Every structure is written in structure tokens, then in C-alpha cells.
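Novice: Kindly return the folded structure for what I paste below:
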Amino acid sequence: MNGDDLAGAPSAPAGPLEPWPDTVRWQPISRDLIWVELIRLGVLVAVLLIGLGLGWAFSGHWLLGAALGVVVLLTGWRAVTIVRAVHAWGYAERENDLLVRHGLLVRRLSIVPYSRMQFVDVTAGPLERAFDLATVQLHTAAAASDARVPGLRPAEASRLRDRLTALGEDRAEGL
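Specialist: Next comes the predicted model:
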């Protein structure tokens with residue numbers, strides 16, 4: 001992780017393919033999202049390991065034992081990528097649009113003009129609520145341009161929702 005990941009101050013000049021503009025102040029998401037994602041991964045892996053373990057115990061086939069080992073290795077790799085992926089998330093509010101960045105291998109920068117927003121959702125499933133987190137989902141006319149910002153505290157999610165809704169209404173009136 002370099003010096004400009006979350007603080008907004010670049011440590012070195014960005015290359016021509018660097019998708020994160022260094023002229024904006026990026027807002028980080030909560031690191032508690034790491035725990036939410038690790039718990040989700042843990043539940044999925046536990047079900048997978050139980051199924052493979054039972055299959056291996058009853059059949060004794062070596063392929064199921066090998067699959068167990070592969071699942072364990074991939075789980076470790078995914079746990080590391082979850083931590084790095086959460087650190088890659090960020091958003092920035094500008095005068096006319098909202099920028100949302102995420103991604104490790106394939107970096108993605110979504111720019112959503114306030115005037116194109118149709119509505120804004122705030123959601124929080126049981127696991128997110130347990131960690132006091134929410135997700136803001138922006139909906140536009142083009143489904144491919146929808147963006148989301150996970151891992152926000154409920155107060156920040158509500159503030160962002162209200163601000164985006166107000167800015168969207170203001171910009172839409174000017175069209």
C-alpha cells in the first residue's frame with residue numbers, strides 16, 4: 001500500500017494508467033468491514049469443509065482429501081485479499097459527482113454525476129448491523145453505472161444518502 005491510498009496525499013507521481021486522481025481527498029471505509037467479509041468467508045468455507053470432510057470420510061477417495069487441502073490454501077489467499085481489498089475502497093465527494101474506487105488486480109474508478117442519480121439506498125444486513133456498518137448504493141438510469149460504498153458507519157451512510165439525494169435533486173432541476 002503506498003502513501004496515497006487513503007490519506008489523499010500522494011507519495012509519488014501517478015503514472016498514466018493510475019486511475020486514482022490525486023486531486024481529491026479520498027474518504028476511507030471502516031476497517032470493520034474486514035471482519036464482516038472474513039466471517040462470511042468463514043461460514044462458506046466451513047460448509048465446504050464439512051461437506052468435503054464427510055465425503056472423504058465415507059468414500060476415502062484421495063481426490064476429496066486433495067480438495068480439502070486446496071480449499072484451505074485458497075481460504076488463506078482469500079483472507080489476505082479481503083484485507084487488501086477493504087483498504088482499496090474509498091470515495092470522494094466532488095462538486096458535480098461522486099467518485100468510488102476499489103479493486104486490487106483490476107482497479108475500478110466509478111464516477112457518478114449527481115444529476116444522473118435516480119435514487120440512493122442504504123442497506124445493512126444482520127452481519128453489517130452487528131458491526132455497526134451500512135452500505136450506500138447509488139442507482140442511475142444505466143444499471144452498469146450503479147456504484148456502492150460499503151463499510152460506512154450508519155450516521156455517515158445517512159449523511160451521504162441525504163447529501164447525494166439533495167445534490168441529485170438540485171442538479172436534476174437544472175437540466
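Novice: Which stretches in this protein count as strands?
Specialist: 27-28, 90-93, 97-102, 108-113, 117-123, 134-140, 147-152 (DSSP state E).
Novice: list the helices and strands the fourth one packs on?
Specialist: Yep, that's strand 108-113 we're talking about. Under the contact criterion of 3 or more Cβ pairs under 8 Å, 6 or more residues apart in numbering; DSSP states H and E, strand 108-113 touches strand 97-102. Placement of C-beta: from N, CA and C, glycine included.
Novice: swap in the first one?
Specialist: The criterion is 3+ Cβ pairs under 8 Å, 6+ apart, and the helices and strands that strand 27-28 contacts are strand 90-93.
Novice: now for the strand it packs on, which elements pack on it?
Specialist: If you count contacts as 3+ Cβ pairs under 8 Å, 6+ apart, strand 90-93 packs onto strand 27-28, strand 97-102, helix 154-173.
Novice: so which of these gets nearest residue 73?
Specialist: Among the helices and strands packed on strand 90-93, the nearest to residue 73 by Cβ to Cβ is strand 97-102 (24.9 Å).
Novice: Now do the closest one: distance to the chain's middle.
Specialist: In terms of Cα atoms, centre = their mean, to the nearest Å, the centre of strand 97-102 is set 11 Å apart from its chain centre.
Novice: what do you get for stretch 135-148?
Specialist: So, by Cα atoms, centre = their mean, the centroid of stretch 135-148 is 13 Å from its chain's centroid.
Novice: Also stretch 71-91?
Specialist: Its chain's C-alpha centre and that of stretch 71-91 lie 11 Å apart, by Cα atoms, centre = their mean.
Novice: list the buried ones in that stretch?
Specialist: Neighbour counts using 16 or more other Cβ atoms under 10 Å place 71, 75, 82, 85-91 of stretch 71-91 among the buried residues.
Novice: do the same with stretch 49-60
Specialist: If you call a residue buried by 16+ other Cβ under 10 Å, then stretch 49-60 has these buried ones: 52, 55-56.
Novice: Now intersect these with the helices, please.
Specialist: Of the buried residues of stretch 49-60, the ones assigned to helices by DSSP state H are 52, 55-56.
Novice: low-scoring stretches of the protein, by residue?
Specialist: Residues of the chain meeting the criterion pLDDT under 70: 1-21, 143-146, 171-175.
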